[in-house]
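>>> Provided below for reference: sequence and predicted model.
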Amino acid sequence: KNIFTGAINNYVTTVWFFYFMVINQEYFTVELASKITLGLPLNEMTTVTQFETQSICPVPGVADFWYGVVNFKGSLLWILDSDRFFDLKPKYQKLPSKLTAVIVKNQWSSSNKQVAISVQQLKGIMAVAPANFQPLADHVSPQLHKCCSTMAHTEAQNLHIIGSSALLQQLHQQSMLVST
């Protein structure tokens with residue numbers, strides 16, 4: 001009887017662990033200046049960092065949603081004005097002295113493409129159950145629609161799930177349109 005009970009307890013623990021770790025997906029959540037919350041899959045982000053705005057080099061002739069580039073660990077890194085890119089705020093606001101950014105990468109590409117997404121606030125890691133996913137709302141900006149695969153509704157907020165490959169593809173396409 002005790003062996004049977006122990007086996008059931010081990011099975012329940014294993015199933016719960018499997019459900020939580022495999023079924024629930026974890027996202028790093030950030031808030032944009034417009035109070036929109038983005039969820040970035042953990043496997044698509046590399047780090048969180050801050051940049052002094054005076055160290056950002058603006059690049060003439062590129063789309064206005066780029067703050068510019070910085071030297072990040074010996075490589076040039078593009079910094080995205082996320083609110084401007086997603087059409088979520090007026091075009092011209094005073095730049096803060098420091099920008100907080102999350103660096104995302106394209107996990108599906110063999111190249112080392114990455115971009116820094118400027119954020120207003122870091123919210124932390126959140127596990128989301130499949131039952132919380134739903135289609136994007138109609139009122140979401142078209143730009144956000146192109147980069148977000150779905151939305152997750154939690155008790156605290158609506159989380160826009162962003163895919164780095166979709167984001168990088170949109171950034172590439174729209175930057176090419178400006179430069180041609």
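Nice, thanks for sending it over.
>>> and the next element down the chain from the helix or strand bottoming out on mean pLDDT in the chain?
Least confident helix or strand of the chain, by mean pLDDT, DSSP states H and E, is helix 2-18 with a mean of 49. Next in sequence after helix 2-18, counting helices and strands by DSSP states H and E, comes strand 25-31.
>>> Could you list the paired strands of that next one along with their orientation?
strand 37-41 (antiparallel), strand 121-128 (antiparallel) (DSSP bridges).
>>> could I get the ones you listed as JSON lines with mean pLDDT and distance to N106?
(C-beta placed from N, C-alpha, C; glycine too.) Putting those into JSON lines (pLDDT from 0 to 100; distance: least, Cβ to Cβ, whole Å) gives the following:
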{"stretch": "strand 37-41", "mean pLDDT": "92", "distance to N106": "12"}
{"stretch": "strand 121-128", "mean pLDDT": "91", "distance to N106": "21"}
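>>> which one of these lies closest to R84?
Closest to R84 of these is strand 37-41 (Cβ to Cβ; 14.7 Å).
>>> Tell me what angle the helix or strand just after the closest one forms with strand 121-128.
Using DSSP H and E, the next helix or strand after strand 37-41 towards the C-terminus is strand 45-52. Strand 45-52 runs at 170 degrees relative to strand 121-128, counting by axes from the mean of the first three to the mean of the last three Cα atoms, to 10 degrees.
>>> Mind listing residues that contact the helix or strand following strand 45-52?
Later in the chain than strand 45-52, the nearest helix or strand by DSSP H and E is strand 66-72. Strand 66-72 has contacts (Cβ atoms under 8 Å, 6 or more residues apart in numbering) with 49, 51, 53, 55-59, 76-81, 95, 99, 103, 116, 118, 175.
>>> got any ranges where the protein has weak pLDDT?
Scanning the chain with the threshold set as pLDDT under 70 gives 1-23, 90-93, 107-111, 176-180.
>>> How about the residue nearest the centre of it, nearest residue that isn't a chain neighbour?
The residue lying closest to the centre of the chain (Cα atoms, centre = their mean) is L40, at 3.5 Å. What sits nearest to L40 in space, not counting adjacent residues and going by Cβ to Cβ, 6 or more residues apart in numbering, is F28, at 4.8 Å.
>>> Angles on the backbone of A166, please.
The phi/psi pair for A166 (degrees, to the nearest 10) reads phi -70, psi -40.
>>> quick one, phi psi at the closest residue to it other than its chain neighbours?
Nearest non-adjacent residue to A166, counting by Cβ to Cβ, 6+ apart: C147, 4.9 Å away. Dihedral pair for C147: phi -110, psi -20, per degrees, to the nearest 10.
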